[in-house]
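Engineer: structure for this input, please:
(chains A, B, C and D)
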Number of protein chains: 2
Amino acid sequence: MTYKDKEITGCNSCHIKFFGFDMLNEDELKAFKHSHCKVEYQKGETIIKEGTRCSNIICIKQGYAKLYIKGLENKNIIIKLLKQGDFIVSPGLFTDNLNHFSVSAITQMDTCLISIDAFTNAYRNNNRFAEQILKLNHQITNDLYSQLINFSHKKMPGRVANTIIYLAENIYQSRKFHTTLSRQDMADLSSVSKESLIRVLKDFKEDGILSINGNQIEINSFKTLQNISHVG
Amino acid sequence: MTYKDKEITGCNSCHIKFFGFDMLNEDELKAFKHSHCKVEYQKGETIIKEGTRCSNIICIKQGYAKLYIKGLENKNIIIKLLKQGDFIVSPGLFTDNLNHFSVSAITQMDTCLISIDAFTNAYRNNNRFAEQILKLNHQITNDLYSQLINFSHKKMPGRVANTIIYLAENIYQSRKFHTTLSRQDMADLSSVSKESLIRVLKDFKEDGILSINGNQIEINSFKTLQNISHVG
DNA sequence: ACTAATAATTGATAAATGTCAACACAAAAC
DNA sequence: GTTTTGTGTTGACATTTATCAATTATTAGT
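Structural biologist: Numbering: from 1, shown residues only, chains lettered A, B, ... in the order given. Below you'll find the model as predicted:
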């Protein structure tokens, strides 16, 4: 094994770290590499469509995507955003083999698709890898619990504050960021109507908590925002 | 191995089937049996308390429990009910080792507690078992997605209809059932206030969709209920 | 059986939030 | 450069829903 090979953590010699992939052995990595497809997506393109058969694990090398489910009356709920280093295992795996959510690009994206078979084999034969995957799943479950609390107990300002904090802390990793999300997207992330989202954002701006200029957002008072989010 | 041993699927010679436990080999079953504690709970008792360390897998041999998370302002969200044959793996496993939800008995219960260590070992060494556990986790994730749609897009009648259908189909397995859930519990399951739940139930009763007598509920028009649930 | 405590119910009210319509603005197409 | 199309914004309004207070059942304790 050359030094270069050691740095590979899954797909096509890219040097992005994917959680748990460091547990894979040489053969498994080879299988991953062998099955992989390098695919580029443009902003707005659908990567996974809810209801289709799931055949790949999607690894994100570059760019941002939204993961969302279809709700009622053509409304969507954005479960989360995905960025470099994230990978998506459809919860259809080992159940009905269908995708239970859609994923679409919100920026230009570089991805690496790994076949479900290679992934399944690694999961079955490598218990340290399997442990990481379960760990990941448990985190997803915990996140969904928080989401349930957000959506059922918090009022609009709390939910929107939550979304802004999520974008700053988890996604853009800066309190000043430019987003490619539309207002509708941010509304779908907060479970409010587009109009309500805009109004809450306006309130935050008038209160000096945020500076907003189109899609450029800056958090001026993180503490206040956090407080609004916690109290609901 | 005697014939009797063959029928054991996990805890203390009880003949309850637990999903995935049939994948366990003799040694693993022995380890499960060795670590197990047979515990009886009374209605109202707390089995798992959110925030505590998770040290057991809880297998339900008899009775019903509610699994819930603490939300804001002392309000709870009941994620689901548990019954005979269900077992609970805390999503703290492999992450922070803490319980992220509480579980309490809503009837007298017989349970069997298996140590996390025995479970973890089986998960690590038995890939067929691990596969079933991931499968279970994926189902949990999918259920939470549905829950999110229920809570964010459906209005009260839709959410309550959903709860009644859930109780009839998944829990009591009959369109006529007696529940030990309080009105507050049913409200927490539907993400509405107790008063609102009562009003919606009253409407359903007046419309002839349900017959209600205290905690005795009968679904008269399943189709209507289903329709209310789907439309939201 | 009587009292206390808890749970269920009802009505009135206020708060939260979605919907609709109109309009502004920006990007894309011609 | 003008039209078209999509997105963002605002205001008025109706609906949904929680909250509060009061009342009635029900259950548990003595």
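Engineer: for the longest helix seen in chain A, name the packing helices and strands.
Structural biologist: Taking DSSP state H as the criterion, chain A has its longest helix at helix A:127-153. When contacts are defined as 3 or more C-beta pairs under 8 Å, 6 or more residues apart in numbering or on different chains; DSSP states H and E, helix A:127-153 packs onto strand A:76-82, helix A:116-125, helix A:156-166, strand B:65-70, strand B:76-82, helix B:116-125, helix B:127-153. Heads up, the C-betas are built off the backbone N, CA and C, glycines and all.
Engineer: measure the residue nearest to residue A:114 when sequence neighbours are not counted to residue B:226 for me?
Structural biologist: Leaving out its chain neighbours, the residue that sits closest to residue A:114 by C-beta to C-beta, 6 or more residues apart in numbering or on different chains is residue A:57, at 4.5 Å. Distance from residue A:57 to residue B:226, counting by C-beta to C-beta, to the nearest Å: 35 Å.
Engineer: okay, the two: which has more neighbours?
Structural biologist: When residue A:57 and residue B:226 are compared for neighbours, residue A:57 comes out ahead with 25 against 15, by other C-beta atoms under 10 Å in any protein chain shown.
Engineer: tell me which element the more buried one falls in.
Structural biologist: Secondary structure from DSSP states H and E places residue A:57 in strand A:56-62.
Engineer: the inter-axis angle of that strand versus strand A:65-70?
Structural biologist: 140 degrees (axes from the mean of the first three to the mean of the last three C-alpha atoms, to 10 degrees).
Engineer: tell me which strands strand A:56-62 pairs with, and in which orientation.
Structural biologist: In the sheet, strand A:56-62 lines up against strand A:87-88 (antiparallel), strand A:109-115 (antiparallel) (DSSP bridges).
Engineer: residue A:148 - how many residues pack around it?
Structural biologist: As a burial measure, residue A:148 scores 21 neighbours (other C-beta under 10 Å).
Engineer: next, the contact list for the nearest residue to it once chain neighbours are set aside, please.
Structural biologist: Nearest residue to residue A:148, sequence neighbours excluded (C-beta to C-beta, 6+ apart): residue B:77, at 5.6 Å. By C-beta atoms under 8 Å, 6 or more residues apart in numbering or on different chains, the contact set of residue B:77 is A:148, A:149, A:152, A:153, B:68, B:69, B:71, B:188, B:191.
Engineer: swap the cut-off to 6 Å and go again
Structural biologist: Residues near residue B:77 by C-beta atoms under 6 Å, 6 or more residues apart in numbering or on different chains: A:148, A:152, B:69, B:71.
Engineer: quick revisit: next one, pLDDT for the residue nearest to residue A:114 please.
Structural biologist: Note on residue A:57: pLDDT of 93.
Engineer: which residues sit in contact with it?
Structural biologist: If you count contacts by C-beta under 6 Å, 6+ apart, residue A:57 has them with A:87, A:89, A:114, A:119.
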